[in-house]
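[1] Using only what follows, build the 3D model:
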Amino acid sequence: MNAITDLFDLRGQTAVVTGASSGIGAGIARLLGEAGANVVANYRRNEEGARAVVDELRQGGGEAVSVQADVSKEDDVARLFDAARDAYGTVHILVANAGLQRDAPAHEMSLDDWSKVIDVNLTGQFLCCREAIREFRSRGMVPETCPSLGKIVSISSVHQFIPWAGRVNYAASKGGIMLMMQSLAQEYAHEKIRVNGIAPGAIKTNINTSAWDDPQAERSLLEKIPYGRVGEPRDVAQAALWLASDASDYVTGETIVVDGGMALYPSFREGG
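    Residues are numbered from 1 along each chain as shown. The predicted structure is shown next:
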């Protein structure tokens with residue numbers, strides 16, 4: 001452990017992280033594992049990436065397994081949680097991160113592109129949240145492990161509240177995630193289930209490589225980021241670690257925006 005993970009000790013707890021084979025999901029899986037959690041690293045296609053995360057955690061003395069599942073499929077989600085129970089007995093933390101983009105102007109967007117993004121980004125999170133809540137409630141409280149019954153972190157985007165032309169399916173899915181998260185938090189807070197969200201801005205991942213992988217593209221992107229740099233997966237992972245830990249035990253139904261100030265509309269510094 002290090003100074004950060006010592007403060008947010010997750011030893012004895014199991015975390016399911018969806019979309020953990022690369023990018024933000026991989027960063028979160030690594031940091032939760034460094035904090036002592038048993039990590040169930042979910043992937044859909046990138047088995048090599050998920051195994052790399054697992055191998056890294058095991059080499060550091062941690063516990064981790066990788067599990068293939070398409071989160072948009074109900075049976076796959078059930079199998080994912082069965083695998084987590086088989087490996088570690090129960091689940092204490094869900095980080096619902098898996099997501100994708102299929103961009104097009106609305107008048108050219110196919111129904112398949114609309115449906116696929118909604119199915120993975122929004123329905124997939126619902127299926128995982130539902131399965132996690134069922135597991136938390138069937139297990140019951142274990143006060144010596146943590147003061148909450150269970151913890152869910154939904155990874156959304158600043159586009160849950162910033163419209164994004166050419167990506168109506170993606171923005172709609174992220175707006176849905178926000179209200180789903182808040183509704184679940186409201187519904188289950190009395191059972192000591194905490195549900196929160198993270199809304200990342202521009203983060204260096206494979207999904208948006210073209211926006212930052214050359215100096216001109218990065219300069220253009222930085223005009224939207226007051227803090228002056230593009231985010232890294234670990235920036236999001238550190239917020240997820242706090243929300244998954246007991247340090248945030250009185251926090252539910254909230255979204256942490258991790259965006260370097262992008263949502264502050266920096267063009268308004270010059271009058272808009």
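[2] Quick one: neighbours of residue 16, just the number.
    Here the count is done by other Cβ atoms under 10 Å, and residue 16 has 31 residues near it. Quick note: C-beta positions are derived from backbone N, CA and C, even for glycine.
[3] Now do the SS call for it.
    strand (DSSP: H, G, I helix; E, B strand; the rest coil).
[4] For it, give me its contacts.
    40, 42, 80-81, 84, 91, 93-95, 128, 132 (Cβ atoms under 8 Å, 6 or more residues apart in numbering).
[5] want to throw the residues you listed into a markdown table with pLDDT and distance to residue 144?
    Written out in a markdown table, the entries for those read as follows (pLDDT from 0 to 100; distance: Cβ to Cβ, whole Å):
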| residue | pLDDT | distance to residue 144 |
| --- | --- | --- |
| 40 | 99 | 22 |
| 42 | 98 | 28 |
| 80 | 98 | 26 |
| 81 | 98 | 23 |
| 84 | 98 | 20 |
| 91 | 98 | 17 |
| 93 | 98 | 16 |
| 94 | 99 | 21 |
| 95 | 99 | 23 |
| 128 | 98 | 26 |
| 132 | 98 | 21 |
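[6] Can you give the contact residues for stretch 175-191?
    Identification of contacts with stretch 175-191 by Cβ under 8 Å, 6+ apart yields 118, 121-122, 125-126, 129, 133, 136-137, 149, 152, 154, 156, 159-161, 193-197, 199, 252-253, 255.
[7] Tell me which other helices or strands the lengthiest strand in the chain touches.
    Ordering each strand of the chain by length in residues (DSSP state E) puts strand 193-200 first. Counting contacts by 3 or more Cβ pairs under 8 Å, 6 or more residues apart in numbering; DSSP states H and E, strand 193-200 is packed against helix 124-139, strand 150-155, helix 168-188, helix 233-244, strand 255-258.
[8] what's the burial count for residue 103?
    Taking other Cβ under 10 Å as the neighbour definition, residue 103 ends up with a count of 14.
[9] Look at it and give its secondary structure.
    Using three-state DSSP, the structure places residue 103 in coil.
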